[in-house]
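>>> sequence? don't have it. structure:
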């Protein structure tokens, strides 16, 4: 009851899944993107559920920016509403995201390398697929520092040496689809409350290459935020990498269960677009 007394009306007490080693953790942390080889586990990383409070950022958006907190909430309506046509997403919506990122960051060049739509079919708790993918309920950052640099070389090999001499950022643009978010909103953690020792590099193993993400160890100092009842007109910018070291460089994030949400509210739908953002052409 003492905790509840300090909550604002839309702060949410919940449980977040942090990093935990498993019995198979003698090897460095890893996760296979697709089916692992015979005899191998999909991942050797477990979960450490911890009680936390997610603070509502409404009314405080101006205090939380990409360079101070590692994330930013922006009102930026889209001409797209259903996100049910893959080609239209890549041609029309990508243009909107590129303009948004240039406007907010002042970047000269934006390269979008993929996107994910999360739209879980009601009652289906099976494995994720492109057509049936649920929220990720695990604290993480999409890229390690090294993996972010490697993405520049992977996607833009001819320009990589030149681009890497300037400022490089990797930013996710997350937007709800169709209706305000009720169940499983997106939480983001303030960079200023993160300790470098909280980050656990994890090998992300694709069929033909290897990337890297960060899992995150629990730290009671972490401060978490979300945007209550976030609408499709509002996006969350999530910084996953910044080559500049004197400002926020990344932000842990995760979906979280909100037991205060109306039971009959529609299931969450969302799209996240991932982009490399350059200060040079």
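Right, received. Where do you want to start? What you see is a predicted model; the values in this text were computed from it and never measured.
>>> Show the contacting residues for the residue lying closest to residue 242 once chain neighbours are set aside.
Nearest residue to residue 242, sequence neighbours excluded (Cβ to Cβ, 6 or more residues apart in numbering): residue 249, at 4.5 Å. (C-beta placed from N, C-alpha, C; glycine too.) By Cβ atoms under 8 Å, 6 or more residues apart in numbering, residue 249 lies in contact with 70, 145, 191, 239, 241, 242.
>>> which one among these gets closest to residue 210?
residue 145 (15.1 Å; Cβ to Cβ).
>>> just to revisit the earlier point, in strands, which of the contacts of residue 249 appear?
Judged by DSSP state E, those include 239, 241, 242 as members of strands.
>>> got a winner among those residues for most neighbours?
residue 239 (27 neighbours; other Cβ atoms under 10 Å).
>>> For the chain, which segments are assigned as helices?
Ranges of helices in the chain, per DSSP state H, are 2-5, 86-88, 94-105, 145-155, 160-163.
>>> Now render those helices as TSV, adding mean neighbour count.
Conversion of the helices of the chain to TSV gives the following (neighbours: other Cβ atoms under 10 Å):
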stretch	mean neighbour count
helix 2-5	8
helix 86-88	11
helix 94-105	17
helix 145-155	18
helix 160-163	15
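>>> Quickly, which of those helices bottoms out on average pLDDT?
Of all those, mean pLDDT reaches its minimum on helix 2-5 (a mean of 41).
>>> returning to that earlier point: to residue 61, which of the helices of the chain lies closest?
helix 94-105 (12.4 Å).
>>> Name the residues that touch the closest one?
So helix 94-105 is in contact with 66, 72, 74, 76, 78-80, 107-108, 110, 112, 115, 169, 171, 173, 235, 237, 273, 275, 277, going by Cβ under 8 Å, 6+ apart.
>>> and stretch 210-221, what's its mean pLDDT?
Stretch 210-221 comes out with an average pLDDT of 98.
>>> just to revisit the earlier point, which member of the contacts of residue 249 is positioned nearest residue 31?
residue 145 (17.9 Å).
>>> Tell me how far that closest one lies from residue 240.
10 Å (Cβ to Cβ, to the nearest Å).
>>> and what of residue 169?
8 Å.
>>> So these two - more neighbours on which side?
residue 240 (27 against 24).
>>> Show me the shaky parts of the stretch 101-250 of the chain.
120-132 (pLDDT under 70).
>>> so where do the strands sit in it?
In the stretch 101-250 of the chain, the strands defined using DSSP state E, counting those that start in this stretch lie at 109-119, 140-141, 168-176, 186-189, 199-205, 210-216, 224-226, 234-242.
>>> Please tell me how far the most centrally placed residue in the chain sits from residue 105.
Central residue of the chain (Cα atoms, centre = their mean): residue 253, 5.2 Å from the mean position. Taking Cβ to Cβ as the measure, residue 253 falls 18 Å from residue 105.
>>> what number of residues lie near the residue nearest to residue 75 when sequence neighbours are not counted?
Excluding its sequence neighbours, the residue lying closest to residue 75 (Cβ to Cβ, 6+ apart) is residue 234, at 5.5 Å. Counted with other Cβ under 10 Å, residues neighbouring residue 234 total 20.
>>> doesn't residue 227 make contact with residue 234?
Yes - using Cβ atoms under 8 Å, residue 234 is in contact with residue 227, at 6.2 Å.
>>> and for those two, which residues touch both?
With Cβ under 8 Å, 6+ apart, residue 234 and residue 227 have common neighbours residue 73.
>>> so what's the closest residue to residue 173 other than its chain neighbours bridging to?
Among residues not flanking residue 173 along the chain, residue 273 sits closest, at 4.6 Å (Cβ to Cβ, 6+ apart). With DSSP bridges as the criterion, residue 273 is bridged to residue 115, residue 173.
>>> pLDDT score assigned to residue 273?
In this model, residue 273 carries a pLDDT of 98.
>>> let's have the chain start at 612 instead
All right, first residue 612 from here; so that's residue 884.
>>> which ones are touching it?
704, 705, 708, 723, 725, 726, 783, 784.
>>> Out of those, flag the one nearest to residue 833.
residue 783 (18.8 Å).
>>> Quick check: bridge partners of the spatially closest residue to that closest one that is not a sequence neighbour?
Spatially, and ignoring its direct neighbours in sequence, residue 783 is nearest to residue 849 (4.1 Å; Cβ to Cβ, 6+ apart). The partner list for residue 849 in beta bridges (DSSP bridges) reads residue 682, residue 783.
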